[in-house]
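Asks: make a model of this:
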Amino acid sequence: MRNTLTICAREVKSYFTSPIAYLLLTIVAVLFGYFLYIYTQFFVMRGMEMQMGGQNQPMNVNDMAIIPALNTASVIILFLIPMISMRLFAEENRQGTMELLMTSPVRDYEIVLGKWLGAMVMYASLLGVSMLGVGLLFGYGTPDWKPIAAAYLGMLLQGGCLLAIGTFISTTTKNQIVAAGATFAVCLLLWVLDSVSQFQQAGWTKVVAYASVLSHLEPFLRGVIDTKDVIFYLTMIFLGLFLTTRSLESLRWRS
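Replies: Numbers count the residues shown, from 1 in each chain. Model (predicted):
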């Protein structure tokens, strides 16, 4: 465990000693802040219109502002996932430090887990930036924190799933751009798989749609934590890290 945490700390340090961490944090802060402001303005204006019209129907800031903003944030972060994972092993291959890492007294799974955890810390930092904006709404109102917590749990699990896939892809190339492009293509495919079932009702479309990471995120965004969705994400994370470990083993044998 100590080796895993050491590698994780090394990865986190490499993110924050380069411009990439601050670029990603700025992108999330600006874009998420903008969309949260837009949705909040719509919520306020809608409330004023209802009051002027004599309507007393209750309005929910979670449903009208926070959850739509988090849904938008999940799309934004989809484009940023490849930028987090692309350098994990591709940079080691490019700099020629992979051989040094492979010959160190560290097990393959410790290397993989440490690098993935480092990427997860970077990803969690992006979610933390969005939390700052959501936290401001608690100073001016009383949003329900439970659906928000469920939404962030879903986004964390989805991010872990996609980062595990990106970690595996990063072991297959020395070029970070290639790693980023391939990761984005796979993540986008997993994102849109559920659209297949909207056009066809055959049995195989339901199987394909089940593999969509978006269909398993939607219940979390509604404040529902379903065991099958949690199991799906954990299974995908395990599969991605397992394939990465096998890829490292193949690199060890080839070298």
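Asks: surely T167 touches M86?
Replies: No: between T167 and M86 there is no contact under Cβ atoms under 8 Å: 9.9 Å. C-beta coordinates here come from the backbone N, C-alpha and C atoms, glycine included.
Asks: so who does the closest residue to D144 other than its chain neighbours touch?
Replies: Among residues not flanking D144 along the chain, N62 sits closest, at 5.3 Å (Cβ to Cβ, 6 or more residues apart in numbering). For N62, the contact set (Cβ atoms under 8 Å, 6 or more residues apart in numbering) comprises 143-144, 147-148, 223.
Asks: write a PyMOL command that selects only the buried members of those residues.
Replies: The PyMOL selection below is limited to those of the contacts of N62 classed as buried (16 or more other Cβ atoms under 10 Å):
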select buried, resi 143+147+148+223
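Asks: the contacts of N62 in helices, which ones?
Replies: Per DSSP state H, helices hold the following members of the contacts of N62: 147-148.
Asks: export the contacts of N62 as CSV, with columns for distance to V30.
Replies: CSV is the format used below for these (distance: Cβ to Cβ, whole Å):
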residue, distance to V30
P143, 22
D144, 27
P147, 25
I148, 21
G223, 27
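Asks: can you pick out the most distant pair from the contacts of N62?
Replies: Between any two of the contacts of N62, the greatest separation by Cβ to Cβ is 11.5 Å, found for P143 and G223.
Asks: tell me which strands and helices the biggest helix by length in the chain is in contact with?
Replies: Assignment by DSSP H gives helix 19-52 as the longest helix of the chain. Counting contacts by 3 or more Cβ pairs under 8 Å, 6 or more residues apart in numbering; DSSP states H and E, helix 19-52 is packed against helix 67-85, helix 108-138.
Asks: got the buried residues for the longest one?
Replies: Applying a neighbour-count criterion of 16+ other Cβ under 10 Å, the buried positions in helix 108-138 are 108-123, 125-127, 129-130, 133-134, 137.
Asks: for stretch 153-161, same thing?
Replies: Residues of stretch 153-161 classed as buried by neighbour count (16+ other Cβ under 10 Å): 154-161.
Asks: of those residues, which is the nearest to Q176?
Replies: G159 (19.3 Å).
Asks: can you name the residues that contact that closest one?
Replies: With Cβ under 8 Å, 6+ apart, G159 has these contacts: 77, 81, 120, 123, 127.
Asks: helix or strand: which one has it?
Replies: With elements taken from DSSP states H and E, the one containing G159 is helix 145-170.
Asks: tell me the angle of the helix or strand just after that helix relative to helix 67-85?
Replies: Moving toward the C-terminus from helix 145-170, the next helix or strand (DSSP H and E) is helix 176-192. Taking axes from the mean of the first three to the mean of the last three Cα atoms, to 10 degrees, one finds that helix 176-192 is oriented at 150 degrees with respect to helix 67-85.
Asks: show me what helix 176-192 is packed against.
Replies: Counting contacts by 3+ Cβ pairs under 8 Å, 6+ apart, helix 176-192 packs against helix 67-85, helix 90-95, helix 145-170, helix 213-221.
Asks: between these, which one is closest to V230.
Replies: helix 145-170 (6.7 Å).
Asks: and the angle for that closest one with helix 108-138?
Replies: Using the same axes, to 10 degrees: helix 145-170 against helix 108-138 is 150 degrees.
Asks: right, and L214 touches D194 too?
Replies: Yes: checked against Cβ under 8 Å, the pair L214 and D194 is within contact range at 5.6 Å.
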